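> quick one, what's the 3D model for this:
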Amino acid sequence: MMALRADAGAARALLPGNRLPEVGQRLPQPDLARTIRALAADPAGFYTGAFAERAVAALKDAGAPFSGEEWALCGDVTPQPAVTGSYAGRTVHQTPPPSPGWMVIQQAALCDGRLADLEWLGAEAVHLLASAARLAFAERVERCGSDSETWRESLTPEAVEVARKRISLGDIPRGYARAADGDTTSMVAVDAEGRAVSLIHSLAFTFGSKTTLPGTGVLLNNRLGRGAYLIPGHPNGVKPRRRPLHTLNAWLVTNAAGELEHIGNTPGGDGQVQWNTQMLSHLLDHGLDPQAAVDAPRFTVHPGSDADVLGRPDELRCETRLGGSVLDALRARGHAVRESGAWDAGGSGMVISADAGSGCLLGGADSRQDGVALGV
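Sure, this is the predicted structure:
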């Protein structure tokens with residue numbers, strides 16, 4: 001609250017009467033409405049028009065070393081193809097860097113053909129998924145950046161085989177996830193013609209940088225402060241025009257004919273790549289419907305990639321709905337299990353599945369949060 005009060009625009013929009021709003025209180029934001037209307041008519045104006053000029057001027061006044069040229073370059077981005085991989089006979093499509101979507105593809109490759117034969121959410125299945133997540137985070141933290149190609153190496157058949165052997169030998173990295181912060185919004189949609197969108201957006205930590213651009217209602221994000229490392233020479237270190245890796249990723253699954261089967265995502269910081277992998281397994285290995293897949297008990301390896309948690313003691317954070325016998329068996333396998341509430345892992349999973357037999361769309365929204373599945 002103190003940080004919001006320090007910014008006049010944030011205080012005006014989010015602290016009516018200089019107080020925290022009540023639950024359910026309406027928060028009109030006319031400045032933001034005007035900005036959205038203007039950008040809907042001219043999306044490029046965010047980077048090159050009057051909005052861009054106002055943004056650069058405000059940042060300069062605050063001491064940021066930005067120029068108009070640098071701001072404009074941020075909008076000059078060539079769309080990249082999705083990162084794809086095979087799982088359970090389907091193709092999984094994921095978001096490319098600076099998204100960590102490849103980590104879901106990597107974990108899926110390490111688990112492909114193995115989870116379907118294991119007890120659903122039994123100790124062995126949880127151990128396998130948690131081990132795959134730790135290997136993926138270790139690769140990311142040690143070697144990966146948005147402008148390097150090292151992440152591709154982890155997806156090669158040779159690297160997958162080596163990683164599978166490491167899991168079987170118990171050679172799992174230690175010391176590298178962070179549960180959800182309330183700053184990410186996501187949704188999925190499929191229309192009557194089969195067009196599908198999985199969308200996720202975040203300011204990086206609650207209210208992002210807690211700084212607004214005067215007169216626009218726009219809060220600036222904090223992605224550089226959260227995602228980049230202050231380590232000289234690191235592939236994810238701070239560098240001019242380098243986009244820091246972040247935690248956002250979204251996915252869809254197609255069958256051999258290229259038809260949509262499932263689409264989804266979840267907020268949740270470093271939990272995203274883990275919970276998305278878990279949801280894919282629930283759907284493809286065990287045939288769960290979307291609601292059951294998003295509501296299934298979750299577990300999260302911690303820490304992951306956020307700079308402020310690296311080096312903290314390893315934990316495997318588990319919802320108690322996994323059951324006492326499973327948690328005890330995980331401890332016996334060497335996991336430092338930390339129990340959370342039955343529904344307290346975090347995330348807000350959203351999934352839509354296309355039922356080929358009936359032609360219907362099935363939707364599921366996470367009971368942990370306030371999302372909803374609607375047919376309109």
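
> this protein: helices as residue ranges?
2-5, 8-14, 30-41, 45-48, 50-61, 68-73, 101-111, 123-143, 150-153, 157-169, 223-227, 271-284, 290-295, 324-332 (DSSP state H).

> got the contact list for the one residue sitting closest to the centre of the chain?
By C-alpha atoms, centre = their mean, the chain has its centre lying nearest to Leu248, at 3.2 Å. Leu248 is in contact with Thr95, Ser99, Pro100, Thr184, Ile200, His201, Ser202, Gln272, counting by C-beta atoms under 8 Å, 6 or more residues apart in numbering. The way it works is simple: take the backbone N, C-alpha and C, and place the C-beta from them, glycine included.

> just the buried members of those residues?
Neighbour counting by 16 or more other C-beta atoms under 10 Å classes Thr95, Ser99, Pro100, Thr184, Ile200, Ser202, Gln272 among the contacts of Leu248 as buried.

> next, work out how far apart the nearest residue in space to the fifth one that is not next to it in sequence and Ser146 are.
Excluding its sequence neighbours, the residue lying closest to Ile200 (C-beta to C-beta, 6 or more residues apart in numbering) is Ser186, at 3.9 Å. The gap separating Ser186 from Ser146 is 20 Å, by C-beta to C-beta, to the nearest Å.

> who has more neighbours, these two?
More crowded of Ser186 and Ser146, by other C-beta atoms under 10 Å: Ser186, with 22 against 19.

> do you know the pLDDT at the more buried one?
The model reports Ser186 with a pLDDT of 95.

> and if you look at Ala179?
pLDDT, Ala179: 41.

> what sits up against the helix or strand bottoming out on mean pLDDT in the chain?
In the chain, no helix or strand scores lower on mean pLDDT, DSSP states H and E than helix 223-227, which sits at a mean of 82. Among residues not part of helix 223-227, those counted as contacts by C-beta under 8 Å, 6+ apart are 98, 202, 204-205, 209, 236, 238, 244-247, 306-307.

> find the nearest non-adjacent residue to the residue nearest to the centre of the chain, please.
Counting by C-beta to C-beta, 6+ apart, the residue nearest Leu248 is Ile200, at 4.9 Å.

> just to revisit the earlier point, hang on, isn't the residue nearest to Ile200 packed against Gln272?
No: Ser186 is beyond contact range of Gln272, at 9.2 Å (criterion: C-beta atoms under 8 Å).

> what's in contact with stretch 83-101?
Counting by C-beta under 8 Å, 6+ apart, 80-82, 102, 104-106, 108-109, 112-113, 116, 140, 146, 151, 155, 227, 243-256, 261, 272-273, 280, 284-285, 305 sit against stretch 83-101.

> pull out the buried residues from the residues you listed.
102, 104-106, 108-109, 112, 140, 146, 151, 155, 227, 243-254, 261, 272-273, 280, 284-285, 305.

> and the strands in the stretch 151-300 of the chain?
184-190, 196-202, 212-213, 218-219, 250-254, 260-265, 299-302 (DSSP state E, counting those that start in this stretch).

> can you lay out those as CSV showing distance to Phe51?
CSV is the format used below for the strands of the stretch 151-300 of the chain (distance: least, C-beta to C-beta, whole Å):
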stretch, distance to Phe51
strand 184-190, 21
strand 196-202, 18
strand 212-213, 8
strand 218-219, 8
strand 250-254, 26
strand 260-265, 28
strand 299-302, 38
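
> which one of those strands lies closest to Ala50?
Minimum separation from Ala50 across those (C-beta to C-beta) falls at strand 212-213, 11.3 Å.

> what strands line up against that closest one, and which way round?
Counting by DSSP bridges, the strands paired with strand 212-213 are strand 218-219 (antiparallel).

> nearest to Ala365, of the strands of the stretch 151-300 of the chain?
strand 184-190 (9.6 Å).

> rewinding a little: quick one: least confident of the buried ones among the contacts of Leu248?
Comparing the buried ones among the contacts of Leu248 by pLDDT, Thr184 comes last, at 87.

> from Pro79, how far off is it?
22 Å.

> kindly report the same for Glu142.
28 Å.

> got it, and Arg195?
Relative to Pro79, and taking C-beta to C-beta, Arg195 is found at 17 Å.

> so who does Glu285 touch?
For the record, residue 285 is Asp, not Glu. Asp285 touches Ala88, Leu115, Ala116, Trp120, counting by C-beta under 8 Å, 6+ apart.

> and the nearest residue to Thr216 once chain neighbours are set aside, what does it touch?
Among residues not flanking Thr216 along the chain, Thr35 sits closest, at 4.6 Å (C-beta to C-beta, 6+ apart). Applying C-beta under 8 Å, 6+ apart to Thr35 gives the contacts Phe51, Thr216, Gly217, Val218.

> pull the most distant pair out of those.
Largest pairwise distance in those, by C-beta to C-beta, is 11.2 Å, between Phe51 and Gly217.

> so, low pLDDT: which residues of the stretch 101-250 of the chain?
Scanning the stretch 101-250 of the chain for pLDDT under 70 picks out 175-182.

> cutoff 90 now
143, 147-148, 172-184, 203-211, 220-232, 238-243 (pLDDT under 90).

> what sits against Asn221?
With C-beta under 8 Å, 6+ apart, Asn221 has these contacts: Ser202, Leu203, Ala204, Gly208, Ser209.

> ok, Leu213 next?
Gly9, Phe51, Arg54, Ala55, Ala58, Leu220.

> ok, now with 6 Å
Arg54, Ala55, Ala58 (C-beta atoms under 6 Å, 6 or more residues apart in numbering).

> returning to what we had before: more crowded one of Arg195 and Pro79?
Arg195 (9 against 5).

> and the gap between the more buried one and Leu361?
From Arg195 to Leu361 the distance is 12 Å (C-beta to C-beta).

> circling back to that earlier point, show me how far the least confident helix or strand of the chain is from its chain's centre.
Distance of helix 223-227 from the chain centroid (C-alpha atoms, centre = their mean, to the nearest Å) equals 14 Å.
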